[in-house]
Each structure stands twice: as structure tokens, then as C-alpha cells.
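*Asks:* My questions concern the predicted model and sequence given below.
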Amino acid sequence: MKTTLLLSVLCAVMAVAASQACGNETCATDEICNNITNTCQCNTTFYTFTPGSRPSPNFTCTGVKFNIQVSKCWLEKQGYNTSEIRLNSTDSECFAVRELVDGKSEMTIHRPMTSSACNTESVINSSHVTYSNLLSFFAKTNPISITNDIAMNISCSYPLNINVILNVTLKPVIGTTVISSPTGNGSYAAVMMAYKDSQYTTLLTEDDPLTVENTIYLSVTVPDLDVNTFKLKVVNIYASPTNSSDQQYYLLNDG
């Protein structure tokens, strides 16, 4: 009896897992399979229609990209056309696409923050660069409209001047600083590495002895920086006894 029960339970679990496959798609936990068209469709019974509700997308700028995510099935329940979510351009790459995130059906956009992508605009002042765009949601018109079109501004700012510290407790000597935007929804990394040769192939380590007249080679990179708009400039390099010390011995000053 125990063996029969175990086999029955396993068969039931396999049947549930298999029901998520739908033609060439895999249905999310908030979707059902239309066996006629072999496509996944939202199970809107999981959501409640709320008149006047506005989309609240999960928005970050990590990696110098606009990363936008919002529930597909929630949008459909509120009367939005999920095939018409886009940034400020009608180019195909500027539209949101369906993506499974943690088992749920989400509409997502991942686009680089450059002026050539989806009409993104950039504004530079003395301390920051700010990327901005317009995110639009359009109401379904068939059979009738039950909500309004929505357009919302999205933006992220990044500082132009940053400090990167080489932490000498690391082997090899590598320093990484994560720069966050003032709004808290964006970040990118600046990396500094020390080398023993001018070909930048042999990393300096904590165990390498150095004397006053030794030459070291420093590399500073921001891997996600928009190279079409910005160039990285190293302004100051100095050594100090500790990270908090006021004693600073400049190796490079004012660029």
C-alpha cells in the first residue's frame, strides 16, 4: 500500500509539472494553457480590477541599463495592452517582452542608457549625468477601453567624479567601488588594478616587494560606461598610510 501511494503521488506531481508546457512556451504560475492555440494566457482570476489604478513597474538602472519589470497579468486585468508597452520609440527593441521571473509572467525592458537607444536623453551638469526616457502603457480598445493610457518619466543619475581605493589586503591588488545613483535605483562598478609590467599582463600582489623607485602600472575601468557618450579620466592617484589618513602622497595630480 505504501509503494502504491508513493507512485500515485509522484504521478500527480509529474502531471502538474507537465501542465506548464504549452506548445513552444512554458506557462507561468499565473497563466493557463490555451490548448487550441497552444499559447499561454493570463489567468486573471488571480488579480482584481481596480478602477483608476496605475502601473507600478519595478525599475532599476543597474549596469547602466534601464531595467523595467511589471506583471503582465495584472496589466491585462486592468485593461492594458501588454504588446504596446514601450520606451519613447517605436523601434522593436524598445518594446517590453514577456519574461518568466520567479515563475510569474512579467513584461520587461532591458535597454542601455545611451542617446542612440530608444530616444534616451542625457543631461550633464557639473557633478552628475542624468539619463531619462518616457515609459508608456496603452489601454486595450477592443471591445472597449476600461482604463486610460499612461506615460511616466523614468531617469537615473550618476556622479561624474568617483573615488576608487586599492585594498592592499587583496591578492592580487584589485580595488572595486560600486557607484550608486542618488535615487538609489541604479549602480555601476569602477575597478582599479595594479600591474608589474607595461603590457598589463602580470598583476601586482600583496607579496611583491616594492621600493621607492619601482614602477607600477595602474588600470582603471568602468565596464558598463557608455563609451559613445563618456570617456574615463583619471584625475588624481595618491598613496596614504590608511584609507582615512590625511597624509596623501600624489603619484598623479590634476590628470
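*Replies:* Nice, thanks for sending it over.
*Asks:* from here on, contacts and neighbour counts on C-alpha atoms
*Replies:* Fine.
*Asks:* Based on its surroundings, how many neighbours for Thr215?
*Replies:* 12 (other CA atoms under 10 Å).
*Asks:* er, Glu76 I mean
*Replies:* The number of residues packed around Glu76, counting by other CA under 10 Å, is 18.
*Asks:* Could you do Leu251 as well?
*Replies:* 9.
*Asks:* and what of Lys65?
*Replies:* Neighbours of Lys65 using other CA under 10 Å come to 22.
*Asks:* Same check on Tyr238?
*Replies:* Neighbourhood size, Tyr238 [other CA under 10 Å]: 12.
*Asks:* May I ask which helix or strand encompasses the nearest residue to it once chain neighbours are set aside?
*Replies:* Nearest residue to Tyr238 in three dimensions, chain neighbours excluded: Tyr250, at 4.1 Å (CA to CA, 6 or more residues apart in numbering). Tyr250 is part of strand 249-252, with elements assigned from DSSP states H and E.
*Asks:* Can you tell me which helices and strands that strand packs against?
*Replies:* The contact analysis (3 or more CA pairs under 8 Å, 6 or more residues apart in numbering; DSSP states H and E) places strand 249-252 against strand 237-239.
*Asks:* starting at the chain centroid, how far to the strand it packs on?
*Replies:* In terms of CA atoms, centre = their mean, to the nearest Å, the centre of strand 237-239 is found 32 Å from the chain centre.
*Asks:* What strands flank that strand, and is each parallel or antiparallel?
*Replies:* Here strand 237-239 has these sheet partners by DSSP bridges: strand 249-252 (antiparallel).
*Asks:* now Tyr195: how far from Val164?
*Replies:* Tyr195 is 16 Å from Val164, where distance means CA to CA, to the nearest Å.
*Asks:* quick one, which of those two is more surrounded?
*Replies:* Counted by other CA under 10 Å, Tyr195 and Val164 do not tie: Tyr195 has more neighbours, with 20 against 17.
*Asks:* So that one sits against Glu206, correct?
*Replies:* No - if you go by CA atoms under 8 Å, Tyr195 and Glu206 don't touch, sitting 11.4 Å apart.
*Asks:* Would you quantify the distance from Lys77 to Leu87?
*Replies:* Counting by CA to CA - Lys77 and Leu87 are separated by 22 Å.
*Asks:* which of those two has more neighbours?
*Replies:* Neighbour count, other CA under 10 Å: between Lys77 and Leu87, Leu87 has more, with 27 against 19.
*Asks:* can you tell me which residues contact the more buried one?
*Replies:* Applying CA atoms under 8 Å, 6 or more residues apart in numbering to Leu87 gives the contacts 94-95, 118, 133-136.
*Asks:* Among those residues, which one lies nearest to Cys40?
*Replies:* Using CA to CA, Phe95 comes nearest to Cys40 of the contacts of Leu87, at 19.4 Å.
*Asks:* The closest residue to that closest one other than its chain neighbours and Asn253: what is the separation?
*Replies:* Leaving aside its chain neighbours, Phe95 sits nearest to Arg86 (4.1 Å; criterion: CA to CA, 6+ apart). Distance, Arg86 to Asn253, by CA to CA: 45 Å.
*Asks:* Would you mind telling me which of those two has the busier surroundings?
*Replies:* The residue with more neighbours, out of Arg86 and Asn253, is Arg86; 24 against 11, by other CA under 10 Å.
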